[in-house]
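# sequence and predicted structure are below.
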Amino acid sequence: MDIPWVEKYRPKSLRDIVGNNQAIAELKKWAMEWDKGKRQKPVILVGKPGCGKSSAARALANDMRWGIIELNASDVRNEERIKSIALVGAVNETFTDDGRFLSTKEGGRKLIIFDEADNLYEGKDDRGGKKAIVETIRVSKQPIILIGNDYYSIIKGTWGAKLRSMCKVVKFKSLLPSQMIKVLDRICKIEGIMCDKEALRIIASNASGDMRAAINDLQALSMGKKALRVEDIKRLGNRDDRNEIYSSTMKILRTMKFDHARDAIRNIDETPDFVSMWVEENMPKEYKRVDDLERAYKYLSRADVFLGRVMRRQHYALWSYANDMICAVSVAKMDKYDMHERYLSFPEWIKNMSRSKEKRDIRESVSAKVGRIYHASPGVTKEKIIPYFRVIYDMNSEVRALYTYVLRFNEKEIGFLTDKNPEKVLKESQKIQREIEKG
Amino acid sequence: MRVKMDVKDVKEITNLLLTLVSEAKFEFNQSGMSVKAVDAAHIAMIVLDISKEGFIEFESEDAEIGVDLEKIKSMLKIAKSSDVVEISKEGSKLTFQIGNLTRSMALIDASALTVPKVPNIGLPAKVVIKRDDFINGIKAADNISDSITLEVTPTEFEMYSVGDEDVSKLTLPKDMVKEIECAEPVKSTYPLDYLMKLAKAIESTEYVTVYLGKDYPVKIVFEISKGNGKVTYLLAPRIEGE
């Protein structure tokens, strides 16, 4: 297949970028200050997908004849990698792919771009990523741009808060259909495709401000064609409007109409139990009247009953009843609350469970080991045996040493059972082990 | 394409490239092989040119081969340094044969790998020193600071690193270097870990040529494959002042 038109027609210069004049002017000014040798705060470019943020950043570097280092979501972005690439790049001079050496003394710089900065999977693949970005910014002698759709994901957390105070924000707006039609028209001319104005209008309005989506649609539709008419566009159908958990929760809590609530979770990519947790977490912040709350909790508890049945019977058709009960939260209120715009929080329950995961894992492994010699299930062991076992284990050093050896407890498991120093306990058990092996 | 080479040489080539990249594009023609690579932070470049005399046997048309270097490295671990490896390309597979052992690996799409252009940099000073001196000067700076300064004056060559408390310094007066060309003193400071990695990867050459300027990149040139290959390593300096 040909190269994607999105890449082929990506603007090379800021002059070629359509729309967002104000943001572009601001970026230019920022770059000119750098050019004068004045270090500037990094910039966070925020805006909906396909509004030209990444293109603007690259075009800027191109206009300034700066080098580029780019880290986006397809790279691993943990602490180590960011430091070895971005931080190292930020304090040293630059070679470019096209064979130039750029000295900052002569105004040569490299632009460090963290694209999709709202998609750092902190705690998973990208552990320490935000921290490393902050540290890079602290020492950087090179210009830095962060890019993201969702400003609040970028600035959340301890390190996110630091980012907020260290950077300045430039907002990009979604493109207007008229602006997009201009671009699409130009592409059609270059590609030699005859195209109805009306057809382009439909493509543009379908994309709802996302230039990348519009160009992709145009390329897909005109594949192997010389002319594009309105009938051809019908094939495309409407772009799927995915609902996000965040906005859906907001809708359920704000609307007075059951149907609107149902629409909000119809296309959502989450399971009802997750949605229910979001609603549960944030409902008390929105609903203030006691009788509204009572009704809402009643519906949520019904939803929970259905969710329980889904699990027990593995009968997923019951999910739709759970969904309806979650949506019913919207009509539990007698009147609208006129609350200020507020940011919803992630379910506390899930946070706690992941925080306590290690602890629970240790309890499970201890129970499994102890259960084996008591011939009891892990559940029974946990409830009926462990509490007593723990006391004996803690008090009696011989028992402690023997069981530590027999059940091969590790340091963490020992720490769960007693406050004694695990290393000492292990040593005692090794002594017993030697005695036993000697017979 | 089919070539034979000493395992020792293949290892050195792989290790040198691995100091900057994990994948590389090898370009072959009738007269030899060349590789160019730039690191992800865009502060260092390496160019390897090996003429066909650097191989034990060499048969090749023009070819571009994209290779995962870590795979080669792990494969060479089982070979002895005195072994000979035969490398051949068939379709999209690259086959390595060492004695009775064969291993073939999938190639990486060579068009996806960018080959940088290498800047032509004029550097006023030049010294030729023993490889061991060069390596010692770098290794001495370990754990002292994260950067190292190279300095050439008309009478001596120095490598030093200044930490918060500790200082390391290697001084080579004129009579201890093979060659020195310098009109006025120049010095620049570089990230130490890049040179440290390089020092661990340089093996076979006897001498290292260092070209230096004032707060400018360093060019380090040395031989591989028994004098039939040349490596040029460029490293950008720290940004000073501001």
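Alright, I've got the coordinates.

# on contacts alone, who are the packing partners of the host helix or strand of A:Glu435?
A:Glu435 belongs to helix A:422-438 when assigned by DSSP states H and E. Here helix A:422-438 touches helix A:397-406, helix A:411-417, going by 3 or more Cβ pairs under 8 Å, 6 or more residues apart in numbering or on different chains; DSSP states H and E. C-betas here are computed from N, CA, C, even on glycine.

# which residue packs closest to the residue of the stretch 51-200 of chain A found nearest chain B, ignoring adjacent ones?
Chain B sits closest to A:Gly99 of the stretch 51-200 of chain A, with a gap of 2.9 Å, by Cβ to the nearest Cβ. The spatial neighbour of A:Gly99 that comes closest, neighbours along the chain excluded (Cβ to Cβ, 6 or more residues apart in numbering or on different chains), is B:Lys117 at 2.9 Å.

# now swap in A:Arg390 and tell me
Using Cβ to Cβ, 6+ apart and skipping residues adjacent in sequence, the residue nearest A:Arg390 is A:Leu417, 5.4 Å away.

# B:Met75 too?
Here the nearest residue to B:Met75 in space, its sequence neighbours aside, is B:Arg103; by Cβ to Cβ, 6+ apart that works out to 5.4 Å.

# do you know how far the one you found is from B:Leu18?
Note on B:Arg103: its distance to B:Leu18, by Cβ to Cβ, to the nearest Å, is 18 Å.

# ok, then the element right after the longest helix along chain A?
The helix of greatest length in chain A, counted in residues with DSSP state H as the criterion, is given as helix A:290-313. Reading on from helix A:290-313 to the C-terminus, the next helix or strand found by DSSP H and E is helix A:319-327.

# give me the angle between that following helix and helix A:290-313.
With axes from the mean of the first three to the mean of the last three Cα atoms, to 10 degrees as the criterion, the two stretches helix A:319-327 and helix A:290-313 enclose an angle of 160 degrees.

# what are the buried residues along helix A:319-327?
For helix A:319-327, a neighbour-count test (16 or more other Cβ atoms under 10 Å in any protein chain shown) marks A:319, A:321-327 as buried.

# tally of neighbours for the closest residue to chain A within chain B?
Ranking the residues of chain B by distance to chain A (Cβ to the nearest Cβ) places B:Lys117 first, at 2.9 Å. Look at B:Lys117: counted by other Cβ atoms under 10 Å in any protein chain shown, it has 15 neighbours.

# that one against A:Asp97, yeah?
Yes. The criterion here is Cβ atoms under 8 Å, and B:Lys117 meets it with A:Asp97 at 6.9 Å.

# check which helix or strand covers B:Ser145.
Applying DSSP H and E, one finds B:Ser145 in no helix or strand.

# which phi and psi values does the closest residue to chain B within the stretch 251-400 of chain A adopt?
With Cβ to the nearest Cβ as the measure, the residue in the stretch 251-400 of chain A that lies nearest chain B is A:Asp269; the distance is 30.7 Å. Phi and psi for A:Asp269, reported as degrees, to the nearest 10, are phi -90, psi 30.

# can you check A:Phe389 too?
A:Phe389 has phi and psi values of phi -60, psi -40 when expressed as degrees, to the nearest 10.

# related to what we said a few turns ago, quickly list what the residue nearest to A:Gly99 is bridged to.
For B:Lys117, the beta-bridge assignment (DSSP bridges) gives partners A:Asp98.

# domain-wise, how is chain B divided?
The record's domain split for chain B, according to automatic domain parsing, is B:2-112, B:125-235.

# nearest to A:Glu411, of those domains?
Distances from A:Glu411 to each of these were compared by Cβ to Cβ, and the smallest falls on domain B:125-235, at 30.6 Å.

# and the closest one, what's its mean pLDDT?
The average pLDDT within domain B:125-235 is 93.

# does any part of that domain sit near chain A?
Yes. With Cβ under 8 Å from any Cβ of the partner chain as the criterion, chain A is reached by domain B:125-235 at B:190-191, B:215-217, B:234.

# still on that earlier bit, could I get the buried residues of helix A:319-327 as a markdown table with pLDDT?
Putting these into a markdown table (pLDDT from 0 to 100) gives the following:
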| residue | pLDDT |
| --- | --- |
| A:Trp319 | 92 |
| A:Tyr321 | 93 |
| A:Ala322 | 93 |
| A:Asn323 | 93 |
| A:Asp324 | 93 |
| A:Met325 | 94 |
| A:Ile326 | 94 |
| A:Cys327 | 93 |
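
# how about the helices of chain B, start to end?
According to DSSP H, the helices that chain B contains are B:7-18, B:69-76, B:131-139, B:192-201.

# and the ones you listed, which is most packed in?
Using mean count of other Cβ atoms under 10 Å in any protein chain shown, the stretch among the helices of chain B with the largest mean neighbour count is helix B:7-18, at a mean of 21.

# for that one, packing partners?
Packing contacts for helix B:7-18, counted by 3+ Cβ pairs under 8 Å, 6+ apart, involve strand B:32-38, strand B:44-51, helix B:69-76, strand B:84-90, helix B:192-201, strand B:218-224, strand B:229-235.

# now these as a markdown table including distance to B:Tyr160?
Conversion of the helices and strands packed on helix B:7-18 to a markdown table gives the following (distance: least, Cβ to Cβ, whole Å):
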| stretch | distance to B:Tyr160 |
| --- | --- |
| strand B:32-38 | 28 |
| strand B:44-51 | 21 |
| helix B:69-76 | 32 |
| strand B:84-90 | 40 |
| helix B:192-201 | 11 |
| strand B:218-224 | 14 |
| strand B:229-235 | 17 |
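
# hang on, the earlier thing: can you pull the pLDDT of the residue nearest to B:Met75?
In the prediction, the pLDDT value recorded for B:Arg103 is 89.

# cool, A:Arg81 as well?
For A:Arg81, the pLDDT comes out at 87.

# what's the neighbour count on the closest residue to it other than its chain neighbours?
Taking Cβ to Cβ, 6+ apart, and ignoring the residues beside it in sequence, A:Arg81 has A:Asp75 as its nearest neighbour in space, at 7.0 Å. Applying other Cβ under 10 Å, we find 17 other residues in the vicinity of A:Asp75.

# look up how far B:Lys197 lies from A:Asp75.
21 Å.

# repeat for A:Lys38
When distance is defined by Cβ to Cβ, A:Lys38 is 34 Å away from B:Lys197.

# can you list the domain ranges for chain A.
Taking automatic domain parsing as the criterion, chain A consists of the domains A:5-171, A:177-237, A:240-346, A:350-438.

# out of those domains, which comes closest to B:Phe222?
In terms of Cβ to Cβ, the element of those nearest to B:Phe222 is domain A:5-171, at 19.4 Å.
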